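Trainee: have a look at this prediction, sequence included:
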Amino acid sequence: MQIPFGEWLPDQPDHNKRGANVATNVYHAANTYKRFPSLVNYSSNTCVKDSRGAASFRDNSNTVFNFVATKDTLYSLSSGTFTDLGAAGKLLNNSYATCTITVTDYANIASGSTIVLTTHAGTAVTFTSTTGTAGTDEFKTETDNDTTADNIYNCINAHADFSAVNPAANVVTATRAAVGNDNLDVTSSDTTRLAVTDFTGGTPLSGTTTDFITFTQFGEYIIASNGVDAPQYYLMGTSSVFADLSDIATSNPVFRVSGVVRDFLVAGNISGATNRIQWSGINDLTEWTSGVSQSDSQDLPGSGGQVVAITSGEVGYVFRQNQIIRMDYVGGNTVFRLSVISPNRGAMYGRTVCQDNRQIFFYADDGFYQINGDQILPIGSEKVNRYFDLNLNKGFSDRICAAVDPFNQLAMWLFPSTANTSNTTGICDKIIIYNYVTQKWSLAEASASSIFSQFVGAYTVELMDIISENLENIGAALDTDYWSGGQMFLGAVDSDYNAAIFSGNSNESEIETDELEPFPGLRANILGVRPLINASSTVTVKTRERLQDTATESSSASTVTSGINPVRQSGRYIRANVKIASGTTYDHAQGVDISATRAGTR
């Protein structure tokens, strides 16, 4: 009896759904499942904190530019290295965060006096004075103020999270070992003899942990915005850091999101008017004066809420929290015709919208949808919407991040799940995946803060190995644009703040059939299961006698020489669970062939 795995339908009952009960670390292809690749990190350093935005672009010379944003700053990602590009030219890493400790009247510093510094991550570290032999995180007060300062310097330098400059006198300057701008306080139990200053140095962005960064390409310019700080620009091939857009533009607003519609940069969620959109002059990023070069603005009426995303293309879609508006260029005094195509449904958050050319996918407060022309298609209804709502950690809903894998035609939403019960930072741990060709769903596991479509230029053999485990299978010469121009992969910033791409096979795939009754009215004896997979796998069979019962699971059986997994189990209602071990290569997982005989009615 052959049973195809079928479509993953977690919103449907386990019994007789004609689809998979489990489909994890796989994606649905035509009549089969394929392994969804695991994350492989490749960066030589990190971006220090969770990513709040990431994007990838190519300029007119086919050169790749990757950008990643944290709450604090903007980075370029080139050849596997994060480089701080700051905001308005103010870098975090050109001075890091420094504080000073000034020693006076050393002889009257009481033993046990403390200086407390905080690491870049906000952890407090206490350094204690002693009149005896100094131990770990202790400094001796002796001889004079300068010598005591030298002892403090040695004590701080011995701690991995800090460094200090050898003081020429009685002032110690301490620096964090990594960029950080939170918890800047420095405390001293003796502010008279051990006077301290708080950490300073490095200018962060002003956005909070819930603010995200939008990156948009307009010609050779990259525009970055978070709705709080001045929007930034970077001219590919020319700029070395980000700078205020107002340095080159006239009357530009502060905005949260943007997109390129025809020849205009369209900004939305304007500071002081979250329901407003405003666009630049035609093919002119520098002109924002109303009425000049067709530049203008429009406050969007109604209760649709704030603007959270704007898509790019010949036609633009403006997403509000509870409304979607189509932008069509008509020119003249009107410039854009605005048509409401969804009066009561919009996008939950800005990063829940992703786009592959004219195909747009988004998550609303009632589920997943696709825009096809002006049709709003409910792609998650009665399939995954209830599952997602129950499994989303709603305390960190703002962390949902959507992206498209155009090569495999997948729309994906990275999200923090309730399964990660120890999650206190909002890091995401799962991806819900929609194949927009087969119109089928699946699930994957990945620990990351951002996913994005990324041009990956392989400049080293090591990075080539990450992109493909067997270079001979690529069939592209090393001096071609395949490598230098960057190929499109699904990229990420992982939970350790490394740049990564989905190219590994270190995840375990798990697929489970729907539950069926092989012999209606009778129980069944399961003698073995043959997985229809071109790789070794392990199988268990789950059975129950009544639909209200909890299923009983057999012991796990591996594939033997005959191709059978000799599992034994009896019951009225049965389902087969198949696991494909990490590191296993396979192309197709289609279903199972179950060997069963009739049993009695009880």
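Mentor: On my side now, so go ahead.
Trainee: quick check, pLDDT for residue 486.
Mentor: Among the per-residue scores, residue 486 shows a pLDDT of 61.
Trainee: one more: residue 468?
Mentor: 52.
Trainee: quick one: name whatever helix or strand follows the helix or strand of the chain with the lowest mean pLDDT.
Mentor: When the helices and strands of the chain are compared on mean pLDDT, DSSP states H and E, helix 481-484 comes out lowest with a mean of 51. Past helix 481-484, further along toward the C-terminus, the next helix or strand under DSSP states H and E is strand 487-494.
Trainee: mind listing residues that contact stretch 227-234?
Mentor: 65, 67, 74, 85, 87-88, 205-208, 211, 221-225, 239, 241-249, 252-258, 267, 269, 271, 285 (Cβ atoms under 8 Å, 6 or more residues apart in numbering). (Glycine included, C-beta is placed from N, CA and C.)
Trainee: please, a PyMOL command that selects the buried ones among these?
Mentor: Here the buried members of the contacts of stretch 227-234 are turned into a PyMOL selection, burial being counted by 16 or more other Cβ atoms under 10 Å:
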select buried, resi 65+67+74+85+87+88+205+207+211+221+222+223+224+225+239+241+242+243+244+245+246+249+252+253+254+255+256+257+258+267+269+285
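Trainee: the residue nearest the centre of the chain and residue 404, how far apart?
Mentor: To find the centre residue of the chain, average its C-alpha atoms and take the closest one (Cα atoms, centre = their mean): that gives residue 450, at 1.4 Å. Using Cβ to Cβ, to the nearest Å, one obtains 14 Å as the distance from residue 450 to residue 404.
Trainee: same question for residue 178.
Mentor: Using Cβ to Cβ, we find residue 178 at a distance of 33 Å from residue 404.
Trainee: ok, these two, which is more surrounded?
Mentor: In this view residue 178 and residue 404 are compared by other Cβ atoms under 10 Å, and residue 404 has more residues nearby, 24 against 17.
Trainee: list the residues that contact the more buried one.
Mentor: For residue 404, the contact set (Cβ under 8 Å, 6+ apart) comprises 354-356, 361, 410-412, 453.
Trainee: what residues does the helix or strand harbouring residue 502 touch?
Mentor: Of the helices and strands defined by DSSP H and E, residue 502 is found in strand 499-504. Around strand 499-504, the neighbours that count as contacts under Cβ under 8 Å, 6+ apart are 36-43, 47, 66, 68, 77, 80, 82, 405, 446, 448, 454, 456, 466-468, 489-494.
Trainee: which parts of the stretch 351-500 of the chain are strands?
Mentor: 353-356, 359-364, 367-372, 375-377, 401-405, 410-415, 428-435, 440-456, 487-494, 499-504 (DSSP state E, counting those that start in this stretch).
Trainee: in CSV: those, plus distance to residue 556.
Mentor: Written out in CSV, the entries for these read as follows (distance: least, Cβ to Cβ, whole Å):
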stretch, distance to residue 556
strand 353-356, 37
strand 359-364, 36
strand 367-372, 34
strand 375-377, 40
strand 401-405, 32
strand 410-415, 30
strand 428-435, 24
strand 440-456, 20
strand 487-494, 30
strand 499-504, 24
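Trainee: out of the ones you listed, the one nearest residue 575 is which?
Mentor: strand 440-456 (17.1 Å; Cβ to Cβ).
Trainee: can you show me the helices along the stretch 451-600 of the chain?
Mentor: Assigned by DSSP state H, counting those that start in this stretch, the stretch 451-600 of the chain shows helices spanning 461-467, 481-484.
Trainee: re the thing from before, list the contacts for the residue nearest to the centre of the chain?
Mentor: The contact partners of residue 450, taken as Cβ under 8 Å, 6+ apart, are 51-54, 68, 401, 414, 492-493.
Trainee: distance check, the closest residue to it other than its chain neighbours against residue 495.
Mentor: Residue nearest to residue 450 in three dimensions, not counting chain neighbours: residue 51, with 3.8 Å by Cβ to Cβ, 6 or more residues apart in numbering. Using Cβ to Cβ, residue 51 is found at 10 Å from residue 495.
Trainee: for residue 29, same thing?
Mentor: Applying Cβ to Cβ, one obtains 28 Å for the distance of residue 29 from residue 495.
Trainee: quick one: residue 147 is in a strand?
Mentor: No. Counting by DSSP: H, G, I helix; E, B strand; the rest coil, residue 147 is not part of a strand but helix.
Trainee: for the stretch 101-250 of the chain, which segments count as helices?
Mentor: For the stretch 101-250 of the chain, the helices defined by DSSP H, counting those that start in this stretch occupy 145-157.
Trainee: could you list the low-pLDDT ranges of it?
Mentor: Low-confidence regions of the stretch 101-250 of the chain, defined here as pLDDT under 70, cover residues 179-182.
Trainee: can you give me the strands in it?
Mentor: Assigned by DSSP E, counting those that start in this stretch, the stretch 101-250 of the chain shows strands spanning 114-118, 124-130, 138-140, 162-165, 171-176, 187-188, 194-196, 214-218, 221-225, 232-235, 243-244.
Trainee: TSV please, covering those and showing distance to residue 59.
Mentor: Below are these laid out as TSV (distance: least, Cβ to Cβ, whole Å):
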stretch	distance to residue 59
strand 114-118	40
strand 124-130	44
strand 138-140	53
strand 162-165	38
strand 171-176	35
strand 187-188	49
strand 194-196	47
strand 214-218	9
strand 221-225	9
strand 232-235	9
strand 243-244	17
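Trainee: give me the number of residues near the spatially closest residue to residue 39 that is not a sequence neighbour?
Mentor: The shortest distance from residue 39 to any non-neighbouring residue, by Cβ to Cβ, 6+ apart, is to residue 500 (4.5 Å). Taking other Cβ under 10 Å as the neighbour definition, residue 500 ends up with a count of 26.
Trainee: now do residue 500 against residue 445, distance only.
Mentor: Computed as Cβ to Cβ, the residue 500 to residue 445 distance reads 14 Å.
Trainee: how long is stretch 206-214 end to end?
Mentor: End-to-end distance for stretch 206-214: 15 Å, by Cα to Cα, to the nearest Å.
Trainee: now what about that stretch, what contacts it?
Mentor: Counting contacts by Cβ under 8 Å, 6+ apart, the residues outside stretch 206-214 that touch it are 50, 52-53, 69, 71, 74, 223-229, 256-258, 349-351, 398, 426.
Trainee: any stretches of this structure with poor pLDDT?
Mentor: Answering for the chain: the residues below the bar, that is pLDDT under 70, span 94-95, 179-182, 457-486, 600-602.
Trainee: redo that, cut-off 80
Mentor: Regions of the chain meeting the criterion pLDDT under 80 cover residues 89-96, 120-121, 178-183, 201-203, 456-487, 600-602.
Trainee: surely residue 114 meets residue 189?
Mentor: Yes. Counting by Cβ atoms under 8 Å, a contact exists between residue 114 and residue 189, whose distance comes to 4.6 Å.
Trainee: tell me which residues touch residue 367, please.
Mentor: Residue 367 makes contacts with 378, 380-381, 384-385, 388-389, as judged by Cβ under 8 Å, 6+ apart.
Trainee: quick one: it and residue 309, what's the gap?
Mentor: Distance, residue 367 to residue 309, using Cβ to Cβ: 17 Å.
Trainee: same check on residue 538?
Mentor: Noted for residue 538: a distance of 43 Å to residue 309, by Cβ to Cβ.
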